[in-house]
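K.L.:
Need the 3D shape of this:
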Amino acid sequence: MSRLAFLTYAGCLVALAVGGTVVHGRLTNRWGDSSARLRAAAAALPAAPVAFGQWRMHSETDFPDVVRGMLNCAGSWSRTYVHGQTGQIVSAALLVGRPEDSLGHTIERCYPAQGYRQVGQPTRVHLGLSGDKQHEFLEDCFVSPHATARRLHVCYAYRQTDTWCVPAAPRVAFGGGPLLYRLQVAVSDAGLGSVGDGESACRAFLQDFLPALEPTVSCPPAGGGQ
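P.N.:
All right, here's what the predicted structure looks like:
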């Protein structure tokens, strides 16, 4: 991976982390008293696939302890995946925690706070996979504050039951549940490889990744026991 691509993805994750501190300055909720469901969900995160289709994991890191404290998440990782044929590089971050700690850091707040300029308006991406499941992600584009002015395409969504989505009022939709997943993927111009564009790369990755991720994030309805 080029140094530029690495810096882009590093900035991507820092933006995610710092955005959480803006809304959630309180750090009083500790995971020692978490429900069994939340602990099990966090323990399952490392089982997320490292290889699927043409994609292979290039690197994996966890958030530093200080960042995990800011986000107050029960479990998390950040990875880069590389497409074996096109060389495209995708950054992905997966977190699980309580809904009240997961909903403050939207990409529309996070990236501008780090100097990125938003290009256009966010769009909703609908992904129809196996069966009747319809997943929905919010997609946005930003321009890097660095001299190279690279574009960064970002998609994210939440999951509490059996689909990924971004409701108009997330706190109302998710507030009553014991846990909430957040998945965010990003592609910069520097990581596009030989073909494609950022939007199509994000969508192609999600089309392949979501079915492979399903065993890791499958959870009973939010109204179930804790």
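K.L.:
Quick check: which ranges of the protein have low pLDDT?
P.N.:
1-34, 104-105, 130-132, 147-149, 190-199, 219-226 (pLDDT under 70).
K.L.:
now do 50
P.N.:
Low-confidence segments of the chain (pLDDT under 50): 1-15, 17-33, 220-226.
K.L.:
Quick check: beta-bridge partners of the most centrally placed residue in the chain?
P.N.:
The chain has Gln184 as the residue nearest its centroid, 1.8 Å off, counting by Cα atoms, centre = their mean. Per DSSP bridges, the residues bridged to Gln184 are Ala93, Tyr156.
K.L.:
my guess is it meets Ile107, correct?
P.N.:
Yes: using Cβ atoms under 8 Å, Gln184 is in contact with Ile107, at 7.3 Å. Every C-beta, even on glycine, is put in place using the N, C-alpha and C of the backbone.
K.L.:
In CSV, could you pull the C-alpha coordinates for the helix or strand hosting Arg182?
P.N.:
Arg182 belongs to strand 180-188 when assigned by DSSP states H and E. The C-alpha coordinates for strand 180-188 follow below in CSV (Å, rounded to 0.1, in the frame of the first residue of the first chain):
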residue,chain,number,x,y,z
LEU,A,180,-25.7,-1.8,17.7
TYR,A,181,-23.2,-2.6,14.9
ARG,A,182,-21.6,0.1,12.7
LEU,A,183,-19.8,-0.7,9.5
GLN,A,184,-17.9,1.9,7.5
VAL,A,185,-15.9,1.4,4.3
ALA,A,186,-13.8,4.0,2.5
VAL,A,187,-11.9,4.2,-0.8
SER,A,188,-9.6,7.0,-1.9
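K.L.:
what's that strand packed up against?
P.N.:
For strand 180-188, the contact count by 3 or more Cβ pairs under 8 Å, 6 or more residues apart in numbering; DSSP states H and E identifies helix 3-23, strand 89-97, helix 99-102, strand 151-159, helix 198-217 as packing neighbours.
K.L.:
ok, now how distant is the residue nearest to the centre of the chain from Ser76?
P.N.:
Look at Gln184 and Ser76: by Cβ to Cβ, to the nearest Å, they are 11 Å apart.
K.L.:
Can you pull the residues that touch both of these two?
P.N.:
Ala93 (Cβ atoms under 8 Å, 6 or more residues apart in numbering).
K.L.:
what's the span of stretch 102-109, first residue to last?
P.N.:
By Cα to Cα, to the nearest Å, the extent of stretch 102-109 from end to end equals 14 Å.
K.L.:
List the contacts of the residue nearest to the centre of the chain.
P.N.:
Counted by Cβ under 8 Å, 6+ apart, Gln184 has contacts 16, 92-93, 107, 154-156.
K.L.:
Could you tell me how far it is located from Ser35?
P.N.:
24 Å.
K.L.:
shared neighbours of Gln184 and Ile107, anything?
P.N.:
With Cβ under 8 Å, 6+ apart, Gln184 and Ile107 have common neighbours 154, 156.
K.L.:
burial measure for Ala36, as a count.
P.N.:
10 (other Cβ atoms under 10 Å).
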